[in-house]
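Asks: Can you look at this prediction? I've put the sequence above it.
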Amino acid sequence: MRKRKAEGIEFSGMITVEMAYIAPAILSVLFLSVMGIFYYHDKEVISSCAYEAAVAGSTKAREKDGVTAERVNAIFDERVRGKCILFGQVHGSAQVDEERIVVKAFAAKGKMRVAVSETAGITEPEEKIRRYRRLLH
């Protein structure tokens, strides 16, 4: 093996060969960790948007007109639109029952997929407060 001298230090070609194996491994770990961070960030953003839509739908369900699944889907789409997420298209669907609202969201980018389901109960606190006050008086 040839060795080169520069300012009294000897260099060999072993460092170049070792770095040819180590550098791709380090770059792969770096790339995968960044993609993992994006994945979990996007999952949390989509989950929070789905929960906000479910709670907003639960609040609107107590109103005189009630709420429909289409309205909850519109609320979810409004919440997701404009968010800085890696997944380009997020699809949501809502189910409205008498007792709860369920919002399910799905997003995909390449081989990465995210599926989230959030639920909010439809409560009527006014009736409970009125019953409680009647008992006190």
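Replies: Sure, I can see it.
Asks: C-alpha from now on. contacts and neighbour counts both.
Replies: Noted.
Asks: so how many other residues sit close to the residue lying closest to Val80 once chain neighbours are set aside?
Replies: The shortest distance from Val80 to any non-neighbouring residue, by Cα to Cα, 6 or more residues apart in numbering, is to Cys49 (6.1 Å). By the criterion of other Cα atoms under 10 Å, Cys49 has 23 neighbours.
Asks: what's the neighbour count on Met112?
Replies: 11.
Asks: now the strands for this structure?
Replies: In the chain, strands defined by DSSP state E lie at 4-6, 9-11, 90-96, 100-109, 112-121, listed in chain order.
Asks: In TSV, list these along with mean pLDDT.
Replies: As requested, the strands of the chain are exported to TSV (pLDDT from 0 to 100):
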stretch	mean pLDDT
strand 4-6	56
strand 9-11	65
strand 90-96	93
strand 100-109	94
strand 112-121	93
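Asks: Identify whichever of the ones you listed lies nearest to Ile22.
Replies: strand 9-11 (18.4 Å; Cα to Cα).
Asks: all helices for the chain, in order.
Replies: Secondary structure of the chain (DSSP state H): helices at 14-61, 69-80, 125-136.
Asks: These into CSV, with extra columns for mean pLDDT and distance to Ser117?
Replies: Output for the helices of the chain, formatted as CSV (pLDDT from 0 to 100; distance: least, Cα to Cα, whole Å):
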stretch, mean pLDDT, distance to Ser117
helix 14-61, 91, 7
helix 69-80, 93, 12
helix 125-136, 82, 25
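Asks: Out of these, which is closest to Glu98?
Replies: Closest approach to Glu98 among those (Cα to Cα): helix 14-61, 9.0 Å.
Asks: Report the inter-axis angle for that closest one versus strand 100-109.
Replies: 150 degrees (axes from the mean of the first three to the mean of the last three Cα atoms, to 10 degrees).
Asks: tell me what helix 14-61 is packed against?
Replies: Packing partners of helix 14-61 (3 or more Cα pairs under 8 Å, 6 or more residues apart in numbering; DSSP states H and E): helix 69-80, strand 100-109, strand 112-121.
Asks: Columns distance to Leu136 on top of the ones you listed, output as TSV?
Replies: Listed next are the helices and strands packed on helix 14-61 as TSV, based on distance: least, Cα to Cα, whole Å:
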stretch	distance to Leu136
helix 69-80	38
strand 100-109	30
strand 112-121	27
